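Q: Give the three-dimensional model of this entry:
(2 chains)
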Amino acid sequence: MSAAPALVLDGVRKSFGKHEVLRGIDLELAPHEVVCLIGASGSGKSTLLRCVNMLEPVDEGRVVLGGDEITAPGVNLDRVRRRVGIVFQAFNLFPHMTVLRNVTLGPTKALGKRRADAEEDALELLGRFGLADRAGDYPDRLSGGQQQRVAIVRALAMEPELMLLDEVTSALDPELVAEVLSVIRELADAGMTMLIATHEMSFARDIASRVCFLDDGVILEEGDPEQIFSAPREPRTQQFLQRIVAAGRL
Amino acid sequence: MNHSGASGRRSTLIALASTLVFAAVLVLVVSNAPGWPSVKQAFFNGEVFRDSLGVIPEAFLVNVKIFLIAEVLILPFALLIAVLRSLPGPVFFPLRALAVVYADLFRGIPTILVIYMLGFGVPALGLSWLPIDPLFWGVVALVLVYSAYVSEVYRAGIESVHPSQTAAARSLGLSHVTALRFVVLPQAVRRVVPPLLNDFIGLQKDTALVGLLGVVEAFRQSQIEVASTFNYTPYLVTAILFVLLTIPLARLTDWLVARDRRRQLAAGGAL
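A: Down below sits the predicted model:
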């Protein structure tokens, strides 16, 4: 018997008004697994990630995090969210706080760490990702790549058991993508469990232990990256990948 | 705007000349009006002006006291109303409804009526444990009326902070209130300082309404002077005092607006 799955989604459904964005998602992540979600814009990738940490309440189905059902009634969602890190496409750093304060806000205000301890840990993390000299800067003084790396550090400072990455390179200038991807690769090598929505197909192929193709609110096909990218079974997956290749992204 | 060199000097000269011409025309029109000599005597009497300079500025200190106390109370009270209105979920519906009713009511009723109702109505209840000082009720009335306006200003600020900021804060496991306090409100308040100061300029003027309750502030004092001299010049003195008080706040507001614009340009829309 192996350890409990890091994350289980069981029949998750989510609608916005009449539009059903997730139409029954079943997904399981083992500890240290890196799963990439691919699919067209509007296929439900972002919504799926936001349902995992309950930024969006799910309409139906269960989400089980490390053995705890977080969709059960009466669950303290603030406690749940402390265990899950999420990084957004648009960084969403707090513009009125320095980089250091951005990183220490969660540990001090949500985890109750002493400020001095939180700052020490934050500086160490920032240093690990080449950002030590930017600790005193405000986010608008940083490049997009630096901002996104700070956002990753901010999530990591909570010592999450699972990281959710939502198109984290989509808002970046092309020359800044690599520095962010290398950070994610480092996390994968360190054994972080991650669920990644991405348009970077070669990155997904390289880093993922499993790839899920999301289409119209369901996981239409999943498998190891070799199989999905070289020999997709579903016609819709084939179509999607052909368009990606035509756009020069694979 | 480029004010460098000759073209800058030239536009300054043009502005000066057109202002002088405008002022000259105004003086000519007014001083040639058939009723000007009597108006001049009634409103611009030098002797009465000098005599008023003792008592009215002293009474004006009461206005200053009223608005300083009121502003200190309005800032947190209006914020509380705005925060109540932003609470999510069905549990807080009564509080949200209360905040809405409050803002509608006190923005709707003319300030002068609120002052009369509180200043004359409440003491008339004869409840011995309530203060009967008209100054107290005047301040309460102004706080109630202006907090309704200022709470709307705060609310606009809260709603101007992008929801992604709240999402980022909540995703770190911060509670709604903690996210509001450390992430949303600091950004919201910064943005609403200019319109908030604008409301305070209105408040400073409305301190004159407290005089209607019998509190001897600048306007009430000038009425007393007018009654004893049969001359309206004391009103002019009062008007000048109010304007002098407003100018620094108005310039401060302008400066803050300009500074924000510069900052936005400097950030290059990166946010």
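Q: Mind telling me which residue of the stretch 1-150 of chain B is nearest chain A?
A: Residue nearest to chain A within the stretch 1-150 of chain B (C-beta to the nearest C-beta): residue B:89, separated by 11.2 Å. Just so you know, the C-beta spots here come from the backbone N, C-alpha and C atoms, and that holds for glycine as well.
Q: Look up phi and psi at that residue.
A: Phi and psi for residue B:89, reported as degrees, to the nearest 10, are phi 90, psi 160.
Q: which stretches of chain B have low pLDDT?
A: For chain B, the stretches with pLDDT under 70 are B:1-4, B:264, B:266-271.
Q: Near chain A, which residues of it? Just list them.
A: B:164-165, B:167-175, B:178, B:182-183, B:186-187, B:190, B:267, B:270-271 (C-beta under 8 Å from any C-beta of the partner chain).
Q: Tell me which stretches of the stretch 1-150 of chain B form strands.
A: Taking DSSP state E, counting those that start in this stretch as the criterion, the stretch 1-150 of chain B contains no strands.
Q: can you give me the helices in it?
A: B:5-31, B:36-43, B:46-86, B:93-108, B:111-116, B:122-124, B:134-160 (DSSP state H, counting those that start in this stretch).
Q: One more: chain A?
A: Counting by DSSP state H, chain A has helices at residues A:45-52, A:77-82, A:99-109, A:115-128, A:144-156, A:174-189, A:201-207, A:225-230, A:235-246.
Q: Next, the residues that contact the fourth one from outside, please.
A: Just to be clear, that refers to helix A:115-128. A:99-100, A:103-104, A:107-108, A:113, A:132, A:134-135, A:150, A:153, A:156-157 (C-beta atoms under 8 Å, 6 or more residues apart in numbering or on different chains).
Q: Between which two of these is the distance greatest?
A: A:113 and A:134 (21.3 Å; C-beta to C-beta).
Q: Low-confidence stretches in chain A?
A: A:1-2, A:249-250.
Q: ok, residue 202 - how many residues close by?
A: Just so you know, I chose chain A. With neighbours defined by other C-beta atoms under 10 Å in any protein chain shown, the count for residue A:202 comes to 13.
Q: Oops, wrong one, chain B.
A: Residues near residue B:202, counting by other C-beta under 10 Å: 13.
Q: same thing with residue A:227?
A: So residue A:227, with other C-beta under 10 Å, has 14 neighbours.
Q: Chain B versus residue A:109, what's the distance?
A: As judged by C-beta to the nearest C-beta, to the nearest Å, residue A:109 and chain B stand 5 Å apart.
Q: correct me, but that residue touches residue B:180?
A: No: with contact defined as C-beta atoms under 8 Å, residue A:109 does not reach residue B:180; the gap is 11.7 Å.
Q: Distance to residue B:257 and mean neighbour count for the helices of the stretch 1-150 of chain B - can I get that in CSV?
A: Output for the helices of the stretch 1-150 of chain B, formatted as CSV (distance: least, C-beta to C-beta, whole Å; neighbours: other C-beta atoms under 10 Å in any protein chain shown):
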stretch, distance to residue B:257, mean neighbour count
helix B:5-31, 22, 10
helix B:36-43, 34, 13
helix B:46-86, 19, 18
helix B:93-108, 24, 14
helix B:111-116, 26, 17
helix B:122-124, 39, 14
helix B:134-160, 14, 22
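Q: now those helices in a markdown table, with distance to residue A:185?
A: Shown next, in a markdown table, are the helices of the stretch 1-150 of chain B (distance: least, C-beta to C-beta, whole Å):
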| stretch | distance to residue A:185 |
| --- | --- |
| helix B:5-31 | 57 |
| helix B:36-43 | 80 |
| helix B:46-86 | 41 |
| helix B:93-108 | 47 |
| helix B:111-116 | 64 |
| helix B:122-124 | 70 |
| helix B:134-160 | 38 |
